[in-house]
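Novice: next come a sequence and a model predicted from it.
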Amino acid sequence: MVRLTRVSRPNDDSAARRDQRHRVSFFGVAGEVLVTAGVLVLLFIAWQNVFNTWLLNGQQNGAAAQLGKQWLESAPSRGGAASSPNAAAAGQASVGPDANVPVESEPGNKQTIAVMYVPRFGTSWKRTIREGTGLDVLNSSQAGIGHYASTAMPGGVGNFAVAAHDTGYGSTFLRMQNLRIGDKIYVQTKDGFYTYAFRNYQYVQPNEVAVLDPVPRQQGAQASDRLITMTTCNPPYHTVERLISYGVLESFSTTPPAAIASEVG
Amino acid sequence: MYAALWRILPGPWWVRLLIVLVLLAAVLFVLFEWVFPLIDGILNKNEEGTVGT
């Protein structure tokens, strides 16, 4: 009987050959481990630069859209009450140093400040700006742009300075080098819409904090302009330098500017 | 290593293939959801995009 059961299996010879073929060799396993490690590294790069960027870009855009819509919907009551002489007529305010542009006080760390729209970065591109430039803001699925603490707030005289990644975690400022002089940068707060116009770039070292000064890189100078400063890494995918973009406040409006009206709400 | 895994799996080839695909999906999910974010946090401690930090 024992003999019979053995006959039903492949004969001893081929079984032995099979065992030999399946013997685990050191180089076989080492090769597979190395190939696996290589695949894991490629997967990590794909996760970092494709999957996670795509995921967070969508989430950050969605969060900003929701916030912008919410502020716009709660605006009519504010708009009606805005009887200041500057906000009269078409809801537009002039923006000289003495102009009466609403400027919020600075909130606590990680609190929401504004929503930014930059048509040059993409027609549906929008991002939430939060207080502080820690990774808990820049990498957040609900934000993406961080406001440098103790720099001016949107519309304020001085320098409204913000930071974001160029690549990774939503690639918020990936297309910053596409900006052309005069391109509009819209910043929406619960008060309304600040329209900045792009003025110039600077390429600086990562430790050049003077770009955040009220008058950038002129320490102690008395500010009279209302600037926006955007910082990101340069070149894309590297962190050796910083790309700085400056813009100047052009106008304030309680209603959405025509160029982004379809994107707000 | 992988050949041994294939031999350990039960069933005909298409059942094994199905099991392998499910295992791959599970591994990818764990990597994308937990492992890669953790590694990224270790690799990129500096606050890129900001000046002065």
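Specialist: Received the coordinates, thanks. Predicted model, so just to flag it, every value in this text is computed and none were measured.

Novice: can you tell me the SS state at residue A:231?
Specialist: strand (DSSP: H, G, I helix; E, B strand; the rest coil).

Novice: setting aside sequence neighbours, what's the nearest residue to it?
Specialist: residue A:163 (4.7 Å; CB to CB, 6 or more residues apart in numbering or on different chains). For the C-beta atoms, the positions are set from N, CA and C on the backbone; glycine is no exception.

Novice: ok, now which ones touch whichever residue of chain B sits closest to chain A?
Specialist: Using CB to the nearest CB, the closest approach of chain B to chain A is made by residue B:52 at 3.7 Å. Residues in contact with residue B:52, defined by CB atoms under 8 Å, 6 or more residues apart in numbering or on different chains, are A:206-209, A:212.

Novice: repeat the analysis, applying 7 Å as the threshold.
Specialist: By CB atoms under 7 Å, 6 or more residues apart in numbering or on different chains, residue B:52 lies in contact with A:207, A:209.

Novice: in a helix, it, correct?
Specialist: No. Assessed by three-state DSSP, residue B:52 does not belong to a helix; its assignment is coil.

Novice: dump the residue contacts of the residue lying closest to residue A:212 once chain neighbours are set aside.
Specialist: Ranked by CB to CB, 6+ apart and with sequence neighbours excluded, the top spatial neighbour of residue A:212 is residue A:161, at 4.6 Å. Shown in contact with residue A:161 (CB under 7 Å, 6+ apart): A:148, A:151, A:212, A:229.

Novice: got a list of what residue A:265 touches?
Specialist: Residues counted as contacts of residue A:265 (CB under 7 Å, 6+ apart) are A:68-69, A:72-73.

Novice: who wins on neighbours among the residues you listed?
Specialist: Of all the contacts of residue A:265, residue A:68 has the most neighbours under the rule other CB atoms under 10 Å in any protein chain shown, reaching 24 neighbours.

Novice: look up how far chain B lies from that residue.
Specialist: 22 Å (CB to the nearest CB, to the nearest Å).

Novice: I figured that residue was touching residue A:262, is that so?
Specialist: No. Counting by CB atoms under 7 Å, residue A:68 sits too far from residue A:262 to count as a contact (11.8 Å).

Novice: let's verify residue A:246: helix, strand, or coil?
Specialist: strand.

Novice: meant to ask about residue A:109, not that
Specialist: coil.

Novice: from what I can see it touches residue A:132, true?
Specialist: Yes. The pair residue A:109 / residue A:132 is scored as a contact, 4.4 Å apart, by CB under 7 Å.

Novice: quickly list what residue A:252 is bridged to.
Specialist: For residue A:252, the beta-bridge partners under DSSP bridges are residue A:93, residue A:194.

Novice: near chain A, which residues of chain B?
Specialist: Within chain B, the positions adjacent to chain A are B:1-4, B:31-32, B:36, B:39-40, B:46-52 by CB under 7 Å from any CB of the partner chain.

Novice: how about the residues of the stretch 1-150 of chain A that lie near chain B?
Specialist: Residues of the stretch 1-150 of chain A lying near chain B (CB under 7 Å from any CB): A:22, A:24, A:29, A:32, A:43-44, A:47-48, A:51, A:133-135, A:138.

Novice: now list the buried members of the residues you listed.
Specialist: A:43-44, A:47-48, A:133-135, A:138 (16 or more other CB atoms under 10 Å in any protein chain shown).

Novice: any chance of those residues in JSON lines, with secondary structure and pLDDT too?
Specialist: Listed next are these as JSON lines, based on DSSP: H, G, I helix; E, B strand; the rest coil; pLDDT from 0 to 100:
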{"residue": "A:43", "secondary structure": "helix", "pLDDT": "96"}
{"residue": "A:44", "secondary structure": "helix", "pLDDT": "95"}
{"residue": "A:47", "secondary structure": "helix", "pLDDT": "94"}
{"residue": "A:48", "secondary structure": "helix", "pLDDT": "89"}
{"residue": "A:133", "secondary structure": "coil", "pLDDT": "92"}
{"residue": "A:134", "secondary structure": "coil", "pLDDT": "90"}
{"residue": "A:135", "secondary structure": "helix", "pLDDT": "89"}
{"residue": "A:138", "secondary structure": "helix", "pLDDT": "92"}
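
Novice: coming back round to it: right, and the residue nearest to residue A:231 touches residue A:134 too?
Specialist: No. With contacts counted by CB under 7 Å, residue A:163 stays clear of residue A:134, the gap being 10.0 Å.

Novice: tell me how far stretch A:225-236 lies from the chain's centre.
Specialist: Put simply, stretch A:225-236 sits 12 Å off its chain's centre (CA atoms, centre = their mean, to the nearest Å).

Novice: bridged to the residue nearest to residue A:231, which residues?
Specialist: Under DSSP bridges, the beta-bridge partners of residue A:163 are residue A:146, residue A:231.

Novice: hang on, the earlier thing: for the buried ones among the residues of the stretch 1-150 of chain A next to chain B, which one is nearest residue A:172?
Specialist: For these, the residue nearest residue A:172 by CB to CB is residue A:138; the value is 7.8 Å.
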